[in-house]
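Peer 1: Test case, fold it:
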Amino acid sequence: MNLIFCNTLEKATGENRVRSALVSIYEEHGVWHVFWNEEKEEGHTVREAWYEGSMWNEALDSFREGLAAKFKENYIPLVQGTDMRRGRGLRGSFSQMLQFYSETHGRSDLYEKLKQWRKEQAAKEGKSAFIIATNRILQMLSAFVPHTIDELKQIPGFGEQRLSSYGEQLVQQLKPVARSTSFPLNWVKEKVDPGSFENWLVEQHERKAAAGEKKKELKQKLLQAISQGEALNEIGRILSMERRELILLVEELDREGYDVSPVIDLELRAIGKTEQQEAERLFRDMGDHYLKPVVQELYSEEELKQRDVGQIYNWLRLYRLKYRKQAG
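Peer 2: Below you'll find the model as predicted:
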């Protein structure tokens, strides 16, 4: 038998008493076992078999799901900081700790102000808002309020590209805002409760898994609608999704090898042939990675003022898929 992981957990039961349990993962003759052994008040131990089989990923999923349920019953691991979702002695990263802290210490008014800035910036550039900055980044900005570029670099998610594009704008917005904390952010480690942080990590994993399943279902429904000849407006109504979100999913499906040409051809009927031919020429001459230079060549400043820039980027994203397929 090869023991892979084990840890003891306890929960208070009243009158200064605690109940103990042992969770373990081991492998024997090619079979993975995940067990929960819990002491009962009568003094005997009850074993729950969470998994017995040959698939490691399934064993880990059963382990995570079982622990999530036990954490909700107020069980706490004796070895704090252990990454019990993965079955390894790892701690949550410092970036995750900063995110955890910011969720309870962010300023809602500043967060909303930053969201408005992001919305305006995204519309100006014709990009999805999350490319400008994710909600998680904005939440951390509202909690830690960096006043300089050097401080901004300490916020997870701010690489050189994002700093060069938006660093100065954000510093101008944040510098006048008073703050009660300081940089560097090492002090956060002392402010975070290990048990609460671990529970939060488990919840994050559950949310990620649920979001993955939801996205998978949306893709399946989108593929079905495309095969039935539906247009994006109708698909958006059925799935309660914005047009831009749908186009992002169409791009993902295309990368995964699915045939999305029916909906592309349907949507491009509304775009003039001359515009499409000019876009093809610009993609060929300038490349198709960045759309902004193409938009600036395709339309004059006056034309852009009179048109919905978001719609322009939307049709160009779809046309780019068609262009790439034809080119290669």
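
Peer 1: any idea how far residue 238 lies from residue 222?
Peer 2: 9 Å (Cβ to Cβ, to the nearest Å). Heads up, the C-betas are built off the backbone N, CA and C, glycines and all.

Peer 1: In the protein, where's the longest helix?
Peer 2: The longest helix of the chain (DSSP state H) is helix 194-227.

Peer 1: the helices in the stretch 201-328 of the chain, which residues?
Peer 2: 232-239, 243-255, 261-268, 273-286, 292-298, 301-306, 309-327 (DSSP state H, counting those that start in this stretch).

Peer 1: Centre of the chain to the second one, how far?
Peer 2: Put plainly, it is helix 243-255. Taking Cα atoms, centre = their mean, to the nearest Å, one finds helix 243-255 lying 16 Å from the centre of the chain it belongs to.

Peer 1: picking up where we left off before, more neighbours: which of residue 238 and residue 222?
Peer 2: More neighbours surround residue 222 than the other of residue 238 and residue 222, with 24 against 12 (other Cβ atoms under 10 Å).

Peer 1: Enumerate every residue touching the nearest residue to the more buried one once chain neighbours are set aside.
Peer 2: Excluding the flanking residues, the one nearest residue 222 by Cβ to Cβ, 6 or more residues apart in numbering is residue 249, at 5.6 Å. Residue 249 sits next to 218-219, 222, 241 when contact means Cβ atoms under 8 Å, 6 or more residues apart in numbering.

Peer 1: re the thing from before, distance to residue 205 and mean pLDDT added to the helices of the stretch 201-328 of the chain, as JSON lines?
Peer 2: Rendered in JSON lines, the data for the helices of the stretch 201-328 of the chain read as follows (distance: least, Cβ to Cβ, whole Å; pLDDT from 0 to 100):
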{"stretch": "helix 232-239", "distance to residue 205": "26", "mean pLDDT": "94"}
{"stretch": "helix 243-255", "distance to residue 205": "22", "mean pLDDT": "93"}
{"stretch": "helix 261-268", "distance to residue 205": "34", "mean pLDDT": "96"}
{"stretch": "helix 273-286", "distance to residue 205": "40", "mean pLDDT": "95"}
{"stretch": "helix 292-298", "distance to residue 205": "36", "mean pLDDT": "92"}
{"stretch": "helix 301-306", "distance to residue 205": "43", "mean pLDDT": "89"}
{"stretch": "helix 309-327", "distance to residue 205": "32", "mean pLDDT": "93"}
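
Peer 1: so which of those helices gets nearest residue 212?
Peer 2: Residue 212 lies closest to helix 243-255 among these, at 12.6 Å (Cβ to Cβ).

Peer 1: how about the CA coordinates for the closest one, as CSV?
Peer 2: Extracted C-alpha coordinates of helix 243-255, given in CSV (Å, rounded to 0.1, in the frame of the first residue of the first chain):
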residue,chain,number,x,y,z
ARG,A,243,-23.5,39.4,-28.5
ARG,A,244,-19.9,40.0,-27.6
GLU,A,245,-19.9,37.1,-25.2
LEU,A,246,-21.4,34.8,-27.9
ILE,A,247,-18.7,35.9,-30.3
LEU,A,248,-16.0,35.0,-27.8
LEU,A,249,-17.6,31.5,-27.5
VAL,A,250,-17.7,31.2,-31.3
GLU,A,251,-14.0,32.0,-31.4
GLU,A,252,-13.3,29.3,-28.8
LEU,A,253,-15.3,26.7,-30.7
ASP,A,254,-13.4,27.6,-33.8
ARG,A,255,-10.1,27.1,-32.0
